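K.L.:
Requesting a structural model of the entry that follows:
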Amino acid sequence: PWIAGVANLFTLEHYQHARRSLRPGGVYMQWVQLYLTSPWMSQAMLRTYLEAFPHVEVWCGTPTDLLLVGSDRPIVRDLAAVRAAVEGN
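P.N.:
Okay, the predicted model is just below:
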C-alpha cells in the first residue's frame, strides 16, 4: 500500500467486492509486501482482510512477503487437484 495508486486494493470495500465476486467456496489470494510497511500497517491490513473473509490463512512466501488466502468457507487444500491443474490434466 506504500506505492501510489494501490492503497484501494487493501480496503474493506475491495475485499467485500472480491468476496461477492467469488463462487461459494472460492478463494481470494493477495500478495502483501512487508518491506517499507510498518508493523501497524501490516496489522491493519490483516484485520481488514479478516473482517471481509471468515476463513483466512496467512502464508509466508519470503521473510518480506505474505500471501493472504480468504474464503467464505473453510479452505480445503487438495494436492492432487493442484498437481493436475499444474500439469494441465
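K.L.:
Could you count how many residues lie near Val69?
P.N.:
18 (other C-beta atoms under 10 Å). (Glycine included, C-beta is placed from N, CA and C.)
K.L.:
residues in contact with the strand or helix carrying it?
P.N.:
Under the criterion of DSSP states H and E, Val69 resides in strand 65-71. Here strand 65-71 makes contact (C-beta atoms under 8 Å, 6 or more residues apart in numbering) with 15, 19, 22, 25-34, 46, 49, 52-61, 75.
K.L.:
Generate the PyMOL command that creates a selection of the buried members of those residues.
P.N.:
Buried residues within the contacts of strand 65-71, by 16 or more other C-beta atoms under 10 Å, are selected in PyMOL with:
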select buried, resi 15+19+27+28+30+32+33+34+49+52+53+56
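K.L.:
Out of the contacts of strand 65-71, which sit inside strands?
P.N.:
Mapping the contacts of strand 65-71 onto strands (DSSP state E) picks out 27-33, 55-61.
K.L.:
Save those as CSV, and put in distance to Val86 and pLDDT too.
P.N.:
Shown next, in CSV, are the ones in strands among the contacts of strand 65-71 (distance: C-beta to C-beta, whole Å; pLDDT from 0 to 100):
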residue, distance to Val86, pLDDT
Val27, 16, 94
Tyr28, 20, 97
Met29, 16, 95
Gln30, 21, 94
Trp31, 19, 92
Val32, 24, 91
Gln33, 25, 88
His55, 24, 98
Val56, 24, 97
Glu57, 19, 95
Val58, 23, 95
Trp59, 17, 92
Cys60, 21, 91
Gly61, 17, 80
